[in-house]
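Chemist: I need the structure of the sequence given here:
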Amino acid sequence: MAIAEVDQTLARLDADHREISANLAELEDHPGVRFLDGVPLVGVSAARWTAARARLDWLWAQLRLFEGVVAQAHEVRARRTRPGHAELTALTDLLCGPSVVLAPQPIPMSERDLLGPAAVRRSMTLAQLVAEMTAAYREVARIAATADAVSSAFLPGVDRAGARLLELRRLAAELDLAVIGHPLPARLDGVEARLNTERALAMSDPLSLAERSPSADGETALADELDEVQAQLEQLGARRDSVDERLERLAAAVDAAEAAEQAATAAAATTAVKILGFTPVAIEPLAPLRDRLARLRAGDGDRHWTRVDDEVAALSRDIDGARAGADTARDNAVALLDRRDELRGRVDAYRAKGARLRLSEDPVVDARYRHAYELLHSAPCDLAAATRAVAEYQQAITEKTA
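Modeler: Take a look at the predicted model:
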């Protein structure tokens, strides 16, 4: 090598040394390396990081070999301002030849000879050393980046789910669901167990999650389940908060049912006088329902709110049923009077039709009219007989018309 080539090569190697040192220091401080160094690893991560950590330590050792050869070259170059042939030859050997002597590497027992050595010592050029260091650096950096990506993508989602879980546990505690054996607290326990398992896996074996895409499927499934639990807890909370308001509405509902009962009783009394053979529909008494409402409004500190809510719902159904029964009884009574009035209207209509056809003086038609009229305007009215009489009156007019 010429003197100028030697000086250029030494300057380049000095720059390479600074860059390699800076990159290795940056790799040591990488979040992925600090994470893998800082937690007890198991499984895939333990095996891969043990090998990668050894490679990173090897890189520092190789850097010291690099430094030694470059320092030796600088020492030779500094002997003379204008080195002679011997110095240039030595510099050429150091800078271009196999001047880097690696640590002895043991030969596997299966590959040894009886008279052969137990270890082999390799030598290589500085360029070859940098090439091997570059390959090892990329391997370690890739593992560190993978661990950092998994922890960065996965752990925040687990933490968010954990925060939501704490809030949902607070809601479940406010609703006192564990006392009644409600399934939601047990479901939250299951979610917490899954979160703990995922967090432990991310902290102890993050590299095993690299191919699982945990930030997608796992986190979405947990979020969906938490959404479902939250919706159910909010529904329960709304039920608990509405108990007092619903009790007040039940008081109004009982009053309305009582009004319907009075209307049904009055209609039945009127119909019983005016319609022969009327049998009123039995009406459920409201006194027991009022007693139940009074007990609910008085309250009982020993009862869980869900029990009160269930009783409110049951009482509401019973009150609605009582009112519906009273409305049915009233409708049945009124329907008979409506039927009588409808028959009266039909008789009047046929009377007018007979008059237009000059049939009013016909003895048969007139007799059937009077019979139907008397039945419909007597009290109590025999609806069955009146219905037959109206049909006979209609038939008489039809026959005369034909």
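Chemist: From here on, just use CA atoms for contacts and neighbour counts.
Modeler: Will do.
Chemist: need the helices for the stretch 1-150 of the chain, in chain order.
Modeler: All helices of the stretch 1-150 of the chain, identified by DSSP state H, counting those that start in this stretch, fall at 3-28, 31-38, 43-77, 85-96, 126-174.
Chemist: Correction: the previous question concerned the stretch 201-350 of the chain.
Modeler: All helices of the stretch 201-350 of the chain, identified by DSSP H, counting those that start in this stretch, fall at 217-241, 243-274, 287-298, 305-356.
Chemist: okay, those helices in TSV with mean neighbour count, mean pLDDT and distance to Ala161 next?
Modeler: Below are the helices of the stretch 201-350 of the chain laid out as TSV (neighbours: other Cα atoms under 10 Å; pLDDT from 0 to 100; distance: least, Cα to Cα, whole Å):
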stretch	mean neighbour count	mean pLDDT	distance to Ala161
helix 217-241	15	79	7
helix 243-274	18	88	32
helix 287-298	14	83	40
helix 305-356	17	90	28
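Chemist: Ala391: which of those is closest?
Modeler: Ala391 lies closest, by Cα to Cα, to one member of those: helix 305-356, at 9.4 Å.
Chemist: and the angle for that closest one with helix 287-298?
Modeler: Comparing the axes of helix 305-356 and helix 287-298 via axes from the mean of the first three to the mean of the last three Cα atoms, to 10 degrees yields an angle of 140 degrees.
Chemist: residues making contact with the very next helix or strand once past helix 305-356?
Modeler: Using DSSP states H and E, the helix or strand that directly follows helix 305-356 along the chain is helix 363-376. Identification of contacts with helix 363-376 by Cα atoms under 8 Å, 6 or more residues apart in numbering yields 340, 343-344, 347, 351, 359-360, 381-383, 385-386, 389-390, 392-393, 396-397.
Chemist: which residues sit in contact with Leu95?
Modeler: Applying Cα under 8 Å, 6+ apart, one finds that Leu95 lies in contact with Thr9, Val69, Val70, Ala73, Thr125, Leu126.
Chemist: how much space between it and Leu129?
Modeler: Distance, Leu95 to Leu129, by Cα to Cα, to the nearest Å: 12 Å.
Chemist: Could you do Gln72 as well?
Modeler: For Gln72, the distance to Leu129 equals 16 Å [Cα to Cα].
Chemist: how far away is Asp341 from Ala266?
Modeler: Between Asp341 and Ala266 the computed distance is 18 Å (Cα to Cα).
Chemist: In the stretch 101-250 of the chain, where is pLDDT below threshold?
Modeler: Regions of the stretch 101-250 of the chain meeting the criterion pLDDT under 70 cover residues 211-219, 242.
Chemist: give me that answer again for 50
Modeler: Residues of the stretch 101-250 of the chain meeting the criterion pLDDT under 50: 214-216.
Chemist: Does Gln394 touch Arg351 like I think?
Modeler: No. Assessed by Cα atoms under 8 Å, Gln394 is found out of contact with Arg351, at 9.3 Å.
Chemist: Would you write a PyMOL line that selects the buried entries of the contacts of helix 363-376?
Modeler: Filtering these down to the buried ones (16 or more other Cα atoms under 10 Å) takes a single PyMOL command:
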select buried, resi 340+343+344+347+351+359+360+381+382+383+386+389+390+392+393+396+397
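Chemist: What's the separation between Asp7 and Val273?
Modeler: Distance of Asp7 to Val273, computed by Cα to Cα: 132 Å.
Chemist: Buried by neighbour count: which residues of stretch 40-53 qualify?
Modeler: Buried residues in stretch 40-53, counted by 16+ other Cα under 10 Å: Leu41, Val42, Ser45, Ala46, Trp49, Ala52, Arg53.
Chemist: Dump the residues you listed into TSV; add pLDDT and distance to Gly116 as well.
Modeler: TSV is the format used below for the buried residues of stretch 40-53 (pLDDT from 0 to 100; distance: Cα to Cα, whole Å):
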residue	pLDDT	distance to Gly116
Leu41	90	39
Val42	90	39
Ser45	89	37
Ala46	91	35
Trp49	93	34
Ala52	95	31
Arg53	95	32
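Chemist: Now for Arg170, how many residues are close by?
Modeler: 12 (other Cα atoms under 10 Å).
Chemist: go on, Ala78?
Modeler: Other residues near Ala78 come to 12 when the count uses other Cα under 10 Å.
Chemist: please begin residue numbering at 747 from this point
Modeler: Fine by me, first position is 747 from now on; the one you just mentioned is Ala824.
Chemist: and the gap between it and Leu1039?
Modeler: Counting by Cα to Cα - Ala824 and Leu1039 are separated by 107 Å.
Chemist: repeat for Val822
Modeler: Distance, Val822 to Leu1039, by Cα to Cα: 107 Å.
Chemist: How about residues contacting stretch 881-890?
Modeler: In this structure, residues lying in contact with stretch 881-890 by Cα under 8 Å, 6+ apart are 773, 776-779, 782, 795, 798-799, 801-802, 805, 953.
Chemist: and those residues as a markdown table, adding distance to Pro829?
Modeler: Output for these, formatted as a markdown table (distance: Cα to Cα, whole Å):
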| residue | distance to Pro829 |
| --- | --- |
| Leu773 | 39 |
| His776 | 44 |
| Pro777 | 48 |
| Gly778 | 48 |
| Val779 | 45 |
| Leu782 | 50 |
| Trp795 | 48 |
| Ala798 | 43 |
| Arg799 | 43 |
| Arg801 | 39 |
| Leu802 | 38 |
| Leu805 | 33 |
| Leu953 | 54 |
